[in-house]
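Asker: the following block contains a protein sequence and its predicted model.
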Amino acid sequence: MSLDEKLRPHEALHSRFVVARDFVRTILSQPVPQERQALQSESDFYTDHGIGHLERVLEKLAALAPFLAVEITPRELFLLLVAAYCHDLGMFLGRRDGEDPSQTRREHHIRSAELVRDLADDHRINLQPFELPIVQSLIKAHRIINLDEIQEEQQIGNDRIRTQLLGALLRIADACDIDHRRAPEAIFAFYEDLMPPVSRERWRQHQIVSGVHFDQRRSSVVVSVDLDGSFCETIERTRIANAVRRELEREMQSVFDVFSRHNVGLVHVDFKDFFNQDYIDFTEFPLSENFVLLQVNTNTQSFESLYTAIQNYLLVGSGPSLVIHIGPVEGPLYIDTRCRVGPMNLTDVERAARESLGNEGLIDFRHSLGPEVVKLSDAI
């Protein structure tokens, strides 16, 4: 059942939510003046923050409801729904005269809260005096602030409002809208060459994610990703997925104390291979009896040249597995390239890798033809 449907029996609250929802939908369905928005600029090209994003955030909030030890009350639900619909208004209407869009982006949670106050003062949306500051707190909480900066609980009449918990739920629901629907392939294909590098990276992050769901048995957020591709594509997709993992884990850590106090059973981030449905641990060496391990510098970007250098020594179906190890700041990150190395070509692979990456790019080269890992130089 959607949150809208859950609120519907409470007619007074539901009718006020519908007014707020429809007003936001109207705003987001109209052209936004360039000088007021921070969505597309020379420095950024953001993924979907519009109606599709809002609806997916509400879907995620509904999926989080079963994790709560105590069900959300009608008043809490109303406040959460209004905040969810208004949380990104600052991206559309929050830019100040002459302001750099990046500044608007950094403060869009604050601008969104200010816009809700203006809308309430103008009677565009109907929020009671004690409801407005709570909605503003929830909107601010969806971003980077410490949740301890907002009230843990507040009272409106006979209604207890768990403000920090609602803010934590909105933050995680928003953070988990990261699948391919937020970065449509058709738009990316058309605008990719015009996007700044940081934006291009963000769009690619979304495009490898097939979906995100919450698993009560594992107490986890489960992210399904597509890592299949050529040698270079597999490395790039795994690095991108690892960046998504690190970001989601930071978000989960930021709500950990709040979720613990309210017995919310959501504590982990899991990644799953879309095709074989195996769970992926990016930080552990993939178990393999025979392998070749290339430990490379985290700043190494020339995997295409590496592949060109070693491709003649790679096999299909047999031989030691070729694993790339990337250290901090990205790792520890282990990438199974899904390629094999000819057992008689170990010295050739090391030589070619060093010529391609240089001694600073290739930090170490190890292999194992049995259970023990040894340095290549110790084995020959």
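Answerer: Structure's in. What do you need? This one's a predicted model, so the numbers in the text were calculated from it and none came from an experiment.

Asker: contact partners for E201?
Answerer: By Cβ atoms under 8 Å, 6 or more residues apart in numbering, the contact list for E201 reads 240, 243. Bear in mind the C-beta positions are built from the backbone N, C-alpha and C, glycine included.

Asker: so for the helix or strand encompassing it, what gets flagged as buried?
Answerer: Per DSSP states H and E, E201 falls inside helix 197-207. In terms of neighbour count (16 or more other Cβ atoms under 10 Å), helix 197-207 has its buried residues at 199-200, 202-207.

Asker: tell me the helix or strand right after it.
Answerer: Following helix 197-207 in sequence order, the next helix or strand is strand 209-215 (DSSP H and E).

Asker: in that following strand, what's buried?
Answerer: In strand 209-215, counting by 16+ other Cβ under 10 Å, buried: 209, 212, 214.

Asker: would you mind confirming that the last one makes contact with A62?
Answerer: No - shown here, F214 and A62 do not form a contact pair, counting by Cβ atoms under 8 Å, at 10.4 Å.

Asker: did I read that right, R143 in a strand?
Answerer: No - under DSSP: H, G, I helix; E, B strand; the rest coil, R143 falls outside any strand and is assigned coil.

Asker: so who does it touch?
Answerer: 108-109, 171.

Asker: in helices, which of the residues you listed fall?
Answerer: Taking DSSP state H as the definition of helices, these contribute 108-109, 171.

Asker: for the stretch 201-350 of the chain, give me the ranges with low pLDDT.
Answerer: For the stretch 201-350 of the chain, applying pLDDT under 70 flags the ranges 287-288.

Asker: can you do 50?
Answerer: Along the stretch 201-350 of the chain, the model assigns pLDDT under 50 to no residue.

Asker: number of nearby residues for the closest residue to T163 other than its chain neighbours?
Answerer: Closest residue in space to T163, ignoring its immediate chain neighbours: Q151 at 4.9 Å, by Cβ to Cβ, 6 or more residues apart in numbering. Neighbourhood size, Q151 [other Cβ atoms under 10 Å]: 14.

Asker: assumed Q151 was part of a helix.
Answerer: No - counting by three-state DSSP, Q151 is not part of a helix but coil.

Asker: which ones are touching it?
Answerer: With Cβ under 8 Å, 6+ apart, Q151 has these contacts: 137, 163-164.

Asker: how about TSV for those residues, with distance to D100 and pLDDT added?
Answerer: Shown next, in TSV, are the contacts of Q151 (distance: Cβ to Cβ, whole Å; pLDDT from 0 to 100):
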residue	distance to D100	pLDDT
S137	27	97
T163	32	98
Q164	32	98
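
Asker: any idea how far the nearest residue to R200 once chain neighbours are set aside lies from Q164?
Answerer: In space, R200 comes closest to E192 once its chain neighbours are excluded; the distance is 6.3 Å by Cβ to Cβ, 6+ apart. Plainly put, E192 is 40 Å away from Q164 if you go by Cβ to Cβ, to the nearest Å.

Asker: neighbour count: the two, which is higher?
Answerer: Between E192 and Q164, counted using other Cβ under 10 Å, Q164 has the larger neighbour count: 25 against 13.

Asker: hmm, back to that, just the closest of the ones in helices among the contacts of R143 to E233, please.
Answerer: Taking Cβ to Cβ as the measure, R171 is the one of the ones in helices among the contacts of R143 closest to E233, at 32.0 Å.
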